[in-house]
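Novice: Sequence plus predicted model, see below.
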Amino acid sequence: MTPAVEPSVPEGISFVVPCFNSGGYLRDAVLSLLAQPLNCPSEILVVDDGSDDADTLRAITASRAMPGVRVLRSLRRRGHHSARNTGIEAARYAFIMQLDADDRLATDRELLASGSYPDRAIDLLRADEDLAFVHTMSWMIDGFNGYTISSYPCREDLVLGKHHVPTSIVCRRQDAVAGGLYDPRVLKWGDWGFAVNILGGRFRRGLGNGIACVPGPFHHYRMHASSHRVSRAEASELAMTTLVVEQNLDLFQDRLCTNDTAQDIAHKVLARKPSRLEDLLRMAKFDLEQALEVARQRQFGLPSPYEHLGIP
């Protein structure tokens with residue numbers, strides 16, 4: 001069995017912040033990381049993917065002067081996931097966490113009183129070699145304030161059923177590299193693909209694939225309409241899912257007990273993708289009050305073609 005952490009890599013966490021024309025959001029992201037009350041060594045890797053926007057270039061220069069920040073720059077744009085991979089490969093520490101340049105970590109003192117999310121995640125990973133990664137819940141900011149619909153604890157079977165995986169997972173750098181990092185061909189749903197790659201790599205090495213959750217919410221997902229946001233990319237979900245399944249066909253075939261082709265499995269995976277109602281019900285099972293809060297915020301209802309019958 002492969003050791004949980006590479007012996008030659010120092011313990012600590014590397015935060016990877018890919019950036020392309022993110023403007024002032026980048027400074028906010030970096031400051032939120034510097035504000036974390038960490039007990040472990042850390043570094044922040046700002047990976048610039050060929051930005052040419054004046055506000056972003058100023059933010060990169062300002063970030064470079066901040067303590068513990070390294071800036072890696074590309075003269076041309078290679079793509080968001082290539083930038084992520086550059087950061088992971090350059091990371092000096094045993095654990096990594098990705099943070100998009102337009103997002104941030106929570107800095108509320110009351111929330112952080114029991115410890116930072118990165119520290120608590122690392123403690124969990126150190127204590128259990130069968131954990132593949134740790135996630136927290138996401139709170140939307142700016143355009144809408146509230147939990148994301150997938151804010152409940154995740155499991156391997158849910159991930160393989162196309163459950164959303166947030167960007168901000170904490171994992172071992174060793175597992176990220178062994179799984180093949182991010183696939184630049186997966187233009188959308190790349191965080192899900194990255195998580196599946198981690199699970200697939202660990203499966204092939206005979207390691208467990210547990211997933212732990214530190215609820216929080218410690219991750220702030222910024223709502224904005226920038227055309228550079230990866231979630232706005234035009235891509236076929238079936239095609240992207242097929243690429244991920246192809247790379248981890250052995251894992252999917254084993255867990256789904258099938259010898260189907262990658263494309264056939266991709267169809268099955270998408271058929272299992274949770275609806276918003278299923279997400280809400282899973283959230284309610286975890287925390288009923290949180291689910292009720294989400295339902296009220298979004299004014300969810302249960303419309304039915306049979307309502308006119310007056311069925312109680």
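Specialist: Great, that's in hand.

Novice: can we go C-alpha only for contacts and neighbour counts from here?
Specialist: Noted.

Novice: Does the one helix or strand G193 maps to pack against any helices or strands, and if so which?
Specialist: Assigned by DSSP states H and E, G193 belongs to helix 190-204. Contact analysis of helix 190-204 by 3 or more C-alpha pairs under 8 Å, 6 or more residues apart in numbering; DSSP states H and E lists strand 131-142, helix 156-159, helix 173-178, helix 237-247, helix 249-256 as its packing neighbours.

Novice: rerun that using 6 Å as the cut-off
Specialist: helix 173-178 (3 or more C-alpha pairs under 6 Å, 6 or more residues apart in numbering; DSSP states H and E).

Novice: elements contacting the helix it packs on?
Specialist: Looks like helix 173-178 contacts helix 190-204 (3+ C-alpha pairs under 6 Å, 6+ apart).

Novice: Can you give the strand pairings for the very next helix or strand once past the helix it packs on, parallel or anti for each?
Specialist: Sequence order places strand 210-223 as the next helix or strand after helix 190-204, per DSSP H and E. Here strand 210-223 is paired, per DSSP bridges, with strand 104-105 (antiparallel), strand 131-142 (parallel).

Novice: for those strands, which one ends up most surrounded?
Specialist: strand 104-105 (a mean of 25; mean count of other C-alpha atoms under 10 Å).

Novice: quick check, distance from that one to the centre of its chain.
Specialist: Distance of strand 104-105 from the chain centroid (C-alpha atoms, centre = their mean, to the nearest Å) equals 12 Å.

Novice: quick revisit: closest to H267 out of the strands paired with strand 210-223?
Specialist: Nearest to H267 among the strands paired with strand 210-223 is strand 131-142 (25.3 Å), distances taken as C-alpha to C-alpha.

Novice: and the strands paired with strand 210-223 as a markdown table, adding distance to Y306 and mean pLDDT?
Specialist: Listed next are the strands paired with strand 210-223 as a markdown table, based on distance: least, C-alpha to C-alpha, whole Å; pLDDT from 0 to 100:
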| stretch | distance to Y306 | mean pLDDT |
| --- | --- | --- |
| strand 104-105 | 44 | 98 |
| strand 131-142 | 34 | 96 |
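
Novice: Show the pLDDT at the closest residue to P37 other than its chain neighbours.
Specialist: Leaving aside its sequence neighbours, P37 sits nearest to S116 (C-alpha to C-alpha, 6 or more residues apart in numbering; 6.0 Å). In this model, S116 is scored at 97, pLDDT.

Novice: With D260 instead?
Specialist: 97.

Novice: can you check P7 too?
Specialist: pLDDT, P7: 64.

Novice: do Y306 as well
Specialist: Note on Y306: pLDDT of 76.

Novice: Just put the strands paired with strand 210-223 in TSV and tack on distance to D191.
Specialist: Output for those, formatted as TSV (distance: least, C-alpha to C-alpha, whole Å):
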stretch	distance to D191
strand 104-105	16
strand 131-142	12
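
Novice: Ok, which of these comes nearest E89?
Specialist: Short answer: strand 131-142, nearest of the strands paired with strand 210-223 by C-alpha to C-alpha, at 17.9 Å.

Novice: now the angle from that closest one to helix 190-204?
Specialist: 170 degrees (axes from the mean of the first three to the mean of the last three C-alpha atoms, to 10 degrees).

Novice: need the next SSE after strand 131-142, C-terminal direction.
Specialist: Downstream of strand 131-142, the first helix or strand assigned by DSSP H and E is strand 146-147.

Novice: List the contacts of that next one.
Specialist: By C-alpha atoms under 6 Å, 6 or more residues apart in numbering, the residues outside strand 146-147 that reach it are 138-140.

Novice: how many neighbours does the residue nearest to P37 have?
Specialist: For S116, the neighbour count with other C-alpha atoms under 10 Å is 22.

Novice: Which parts of this protein are helices?
Specialist: For the chain, helices defined by DSSP state H occupy the ranges 25-34, 54-64, 80-90, 109-112, 117-127, 156-159, 173-178, 190-204, 237-247, 249-256, 262-271, 276-286, 288-297.

Novice: which strands and helices sit next to the third one?
Specialist: If I follow you right, that is helix 80-90. Contact partners of helix 80-90 among helices and strands, from 3+ C-alpha pairs under 6 Å, 6+ apart: strand 13-19.
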